[in-house]
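> all I have is the shape, not the residue letters:
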C-alpha cells in the first residue's frame, strides 16, 4: 500500500482484530503494533491495551436453527390429523414444551396446522460478566433480511448473572427447502457477539458408489437364485440430529440393513476400506453418515426387475431405486476379489529425471526444462518431488476397494470387486551397491538395473551426485529414498 506525501486525510492500512479466546490468564493484555515501510528509517509503533472481562452472553442454540422444509406428514400421522414427525422435531428444537393444553404460552390450543418455523422465537441472553451489559443494537447482514425477521423493541440492560428477553426471531423462508447460514450481531457496551442463524431443510444427501450422486443402484445381470449385496450411504449435512425411523424395499426376497453410522463426508466414504462400523445408532448426528446394505436373492424367472428402497427420517423419506436382470446360467469371478499388489497411481507427471518434451505435460514440463542442469534444477526437482509425494500420501490409505462393471455380448452390468494395495514406485534395483575390496589401480564393476514399474515409458537421466548443481539441496530426497529402501 502506498501513502502519498502530504496526506491530509488518514489512510486505513489494516484492520486489527483481538481474539480474547486466545488469552489463557490475566485481566489485561498489552503490546505494540509495528508498522514498517520500505524505508527502514520510518517505523511506526502503535501501543495497545486490552482490559479483559471474563464472561459471556449465553443463549439457547436450538432456537437459532430453523427448519425450512414443507413439514411432510408421515404414514403414522397422516390419518389422524395430528402432529407430524417434522413439526414435533421442530417444536422440540425450538424449545416448546408439549402439554395437555397443546401449545406454548400465549398461543391457542387448537388445530396446530401452522408451520412451527413461522412462529416467532424468543431470544433470551444470560449475562455471566461481572457487570451489567447494555444491549443497544442488533444488526443483520443485508442478504439475510429476506430470510429472517428480528423483532427488537429497543435497548435492553441485562444485570450481572441475570437473563433477559432481548428480541424475537422468525424465519421468512418457510417451505422453500433452503439451506443458509448467517449471523445476528449483538452490540453491547463491553463487547460484540455474533449469534449464528442457521436454516436447514432436514434432507439427507444420498451417495451411491462408485459414481456417487443419487443415481440408480445397478445389480447388473445375475443368475436365477443368485445372491448379491450393494451399498448406499445417507449423509446428514444438517446442523441438527436426524432420527432414522425406518428403512426397507419393495422387492420380494430383498432386505435393507443398517450397517453402521460414522462421522465423515463423501471424501471419507471414498477412502474407507471396510464395512465394519462400531455404532449402529438410530440417531444420525450432524456431519455423520449411515451406510445401508441392500441384499437380494434373485427371482427364479428371467427378466428385468426394477424396485426401490427407502430410508425414513423425522423430516422426509428418501428413495433409492435399484434394478437387476436375471438370466439362465451364472457368471462368477475367480478369485472373488481381484487384488493388484504393489500398485501406485500414475499422475500426468512421471517421477525421475528424463523424458521427451513432446510426451511430458503439467509439472513434468517444468522438469524437462531443467534437463540441461540449469542453476534452478534442484529447486524444481525438490518442489516436484514434494508435490507428488504429498499427493501419494493423501491417497495412501493402504488398501483401496472398488468395483468394476463388466459388459459382454451376453451379460450386461456384471459387478465384481477389485482391491489395490498402494506402494511408492522405485526405478532402481538393487537398492544398494556394495563394492568388494579392490586393490589400488584396479577396477571393480557393479551393475545397476533400471526397471520401469509403470505402464507408460519412462526415460531416466543418470549422473553422479557431484555433477548435480547444488547437491546439498537434494540430499533430503536421497535420504528419504534410502529410508524407503531400508
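Received the coordinates, thanks. The model shown is predicted, which means the values in this text are computed figures rather than measured ones.
> can you tell me the SS state at residue 269?
helix (DSSP: H, G, I helix; E, B strand; the rest coil).
> okay, now it: neighbour count?
17 (other CB atoms under 10 Å). The way it works is simple: take the backbone N, C-alpha and C, and place the C-beta from them, glycine included.
> ok, it - contacts?
Residue 269 sits next to 207, 209, 233, 235, 289, 291 when contact means CB atoms under 8 Å, 6 or more residues apart in numbering.
> list the ones among those that fall in strands.
Secondary structure assignment by DSSP state E places 207, 233, 235, 289, 291 of the contacts of residue 269 in strands.
> pull the contacting residues for the third one.
Residue 235 makes contact with 204-207, 265-266, 269, 288-289, according to CB under 8 Å, 6+ apart.
> what sits against residue 57?
Listed by CB under 8 Å, 6+ apart, the contact partners of residue 57 are 125-129, 133, 158, 186, 188, 191, 193.
> from the residues you listed, which is closest to residue 56?
residue 128 (5.3 Å; CB to CB).
> look at residue 158 and report its pLDDT.
Note for residue 158: predicted pLDDT of 95.
> now do the same end-to-end measure for stretch 196-209.
Chord length of stretch 196-209, first to last residue, is 34 Å (CA to CA, to the nearest Å).
> on that earlier part again, if any of the contacts of residue 57 are buried, put those into a ChimeraX selection.
If you want just the buried ones from the contacts of residue 57 in ChimeraX, going by 16 or more other CB atoms under 10 Å, the selection is:
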select :125,127,129,133,158,186,188,193
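> how's the protein carved up into domains?
Annotated domains of the chain cover 57-95+116-200, 214-327, 343-485 [automatic domain parsing].
> dump those domains to TSV, plus distance to residue 38.
Shown next, in TSV, are these (distance: least, CB to CB, whole Å):
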stretch	distance to residue 38
domain 57-95+116-200	35
domain 214-327	44
domain 343-485	27
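> among those domains, which is nearest residue 49?
Of all those, domain 57-95+116-200 sits nearest to residue 49, with 15.2 Å by CB to CB.
> coming back round to it: closest one to residue 70 out of the contacts of residue 269, please.
Nearest to residue 70 among the contacts of residue 269, counting by CB to CB, is residue 235 at 21.1 Å.
> what helix or strand is residue 255 on?
Using DSSP states H and E, residue 255 maps to strand 254-263.
> contacts for that strand?
231, 244, 247-249, 268, 275-281, 284-285, 287-297, 307, 309.
> the residues you listed in helices, which ones?
Judged by DSSP state H, helices contain the following of these: residue 268.
> narrow the contacts of strand 254-263 to those that are buried.
231, 244, 247, 249, 281, 284, 288-292, 294, 296-297, 307, 309.
> which of those scores worst on pLDDT?
Model confidence across the buried ones among the contacts of strand 254-263 bottoms out at residue 231, which has 88.
> can you tell me the closest non-neighbouring residue to that one?
Leaving aside its sequence neighbours, residue 231 sits nearest to residue 293 (CB to CB, 6 or more residues apart in numbering; 5.5 Å).
> and that neighbour, what does it touch?
So residue 293 contacts 229-231, 256-257, 259, 275 (CB under 8 Å, 6+ apart).
> for it, name its beta-bridge partners.
Here residue 293 shows beta-bridge partners residue 231, residue 257, assigned using DSSP bridges.
> how much space between it and residue 257?
Note on residue 293: its distance to residue 257, by CB to CB, to the nearest Å, is 5 Å.
> other SSEs contacting the helix ranked longest in the chain?
Scanning the chain for the longest helix, with DSSP H as the assignment, gives helix 377-395. Here helix 377-395 touches helix 363-368, helix 475-485, going by 3 or more CB pairs under 8 Å, 6 or more residues apart in numbering; DSSP states H and E.
> buried residues in that helix?
377-378, 381, 384-385, 388, 392.
> returning to that earlier point: buried set for the strand holding residue 255?
Within strand 254-263, the residues scored as buried using 16+ other CB under 10 Å are 254, 256, 258-262.
> lowest-confidence stretch among the helices and strands packed on helix 377-395?
Least confidently modelled of the helices and strands packed on helix 377-395 is helix 475-485, at a mean of 70 by mean pLDDT.
> give me the sheet partners of whichever strand or helix holds residue 218 and which way each runs.
Using DSSP H and E, residue 218 falls within strand 217-223. Strand 217-223 sits in its sheet next to strand 317-327 (parallel), going by DSSP bridges.
> report the angle between the strand it pairs with and strand 254-263.
Orientation check (axes from the mean of the first three to the mean of the last three CA atoms, to 10 degrees): strand 317-327 against strand 254-263 gives 130 degrees.
> tell me how far strand 317-327 lies from the chain's centre.
28 Å (CA atoms, centre = their mean, to the nearest Å).
> contact partners for residue 290?
233-234, 244, 258, 260-261, 284, 311.
> want to throw those residues into a markdown table with distance to residue 60?
Shown next, in a markdown table, are the contacts of residue 290 (distance: CB to CB, whole Å):
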| residue | distance to residue 60 |
| --- | --- |
| 233 | 32 |
| 234 | 28 |
| 244 | 26 |
| 258 | 32 |
| 260 | 32 |
| 261 | 26 |
| 284 | 22 |
| 311 | 30 |
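> out of those residues, which one sits closest to residue 46?
Checking the contacts of residue 290 one by one against residue 46 (CB to CB), the nearest turns out to be residue 284, at 50.2 Å.
> show me the beta-bridge partners of that closest one.
Counting by DSSP bridges, the residues bridging with residue 284 are residue 242.
> look up how far residue 178 lies from it.
For residue 284, the distance to residue 178 - CB to CB - is 21 Å.
> where in the stretch 201-350 of the chain is pLDDT low?
210-214, 273-274, 345-350 (pLDDT under 70).
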